[in-house]
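*Asks:* Let me see the structure of the following:
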Amino acid sequence: MMQTVLVLTAVIFSLAAAGAIIRIARGPSLLDRVLAADVLLAILGGALCVDMAVNRHLNNLMLVVAISIIGFIGSVTVARFVADRREQPDES
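*Replies:* Got it, this is the predicted structure:
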């Protein structure tokens, strides 16, 4: 039973990661690409959490926290950058 759940989880994470990578490559705007990169980091964090649950260890916990913080700070930084660019009037 546990092996089936692990395989199903791996398939779901793989499909989600493939979708996020496609969105990063084809995204029509910068915000789409940043959101897809953030989703990819969340998928990676989820996969690490599944690994910790299956193998019953906490070795990757600091890595999961670091990935979460990097994803959050990166998304907020790009959102602020785009918001600042939209507020400035064009000089043409």
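*Asks:* now the helix or strand harbouring F81, how far from the centre of its chain.
*Replies:* For F81, the element it lies in under DSSP states H and E is helix 61-87. Mean-position distance between helix 61-87 and its chain equals 11 Å (Cα atoms, centre = their mean, to the nearest Å).
*Asks:* which other helices and strands contact it?
*Replies:* helix 30-55 (3 or more Cβ pairs under 8 Å, 6 or more residues apart in numbering; DSSP states H and E). (C-beta placed from N, C-alpha, C; glycine too.)
*Asks:* tell me the angle of the helix holding F81 relative to helix 30-55?
*Replies:* Interaxial angle, helix 61-87 versus helix 30-55 (axes from the mean of the first three to the mean of the last three Cα atoms, to 10 degrees): 170 degrees.
*Asks:* In the protein, where is pLDDT below threshold?
*Replies:* For the chain, the stretches with pLDDT under 70 are 89-92.
*Asks:* The same query, at a cut-off of 90, please.
*Replies:* Applying pLDDT under 90 to the chain picks out residues 1-2, 27, 29-31, 75, 79, 81-92.
*Asks:* quick revisit: please identify the buried residues of the helix holding F81?
*Replies:* V64, I67, G71, S75, V78 (16 or more other Cβ atoms under 10 Å).
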